[in-house]
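Novice: fold the following and give me the result.
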Amino acid sequence: MIRQMQVEDLKRCGEIYAQAFPIEHWGIDWNPDNARAYLSDFYEQKKFVGYVYEENSEIVGCVFAHCKISGSKRELYINEMAVLPQMQGQGIGRALLNTVLQYSREIGLAGVVLYTSEYAPAAKFYERNGFKLSQGTICMYRE
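Specialist: The predicted structure is shown next:
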């Protein structure tokens, strides 16, 4: 079952996120506490949109997004999505994505945007679910 996220879900989402984003793929040593704090920042955004996937009354997946104006378009940006590793490959991520896409269509947004690492398995998942590389944009970084 998918439902809108509540503030009390953040603790469990932090636990899931810490497991779903291992250091070997992402280079960050997540634990439930720093993951919860990180995800809380998204939850507190003004135009936050978030859902959790429950199975047997236990949250096993979550998606954090927010509405944003980009130029002349209103879009939905997926900030983070996580599914327990042992539950991946069972359609939970796809169901969460479909919920976000449906929400975007229902409120008349131009589309859904996300960023992911080209070195992690997530890129192939998003491609299988209809996402394409954005043309004309690059990600830049400076220390």
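
Novice: got a list of contacts for the strand or helix carrying residue 74?
Specialist: Remark: residue 74 resides in strand 73-83, with elements defined by DSSP states H and E. Contacts of strand 73-83 with the rest of the structure, by CB atoms under 8 Å, 6 or more residues apart in numbering, involve 13, 16-17, 19-21, 39, 42, 49, 53, 60-69, 92-93, 96-97, 100, 103-104, 108-114. C-betas here are computed from N, CA, C, even on glycine.

Novice: listing partners with orientation, what would you give for it?
Specialist: According to DSSP bridges, strand 73-83 forms sheet pairs with strand 58-70 (antiparallel), strand 111-114 (parallel).

Novice: quick check: longest helix of the protein.
Specialist: Longest helix in the chain, counting residues (DSSP state H): helix 92-106.

Novice: name the helices or strands packed onto it?
Specialist: Where contact means 3 or more CB pairs under 8 Å, 6 or more residues apart in numbering; DSSP states H and E, helix 92-106 is packed against strand 2-4, strand 48-55, strand 58-70, strand 73-83, strand 111-114.

Novice: which of those strands sits closest to residue 132?
Specialist: Among the helices and strands packed on helix 92-106, strand 111-114 comes nearest to residue 132, with 10.6 Å by CB to CB.
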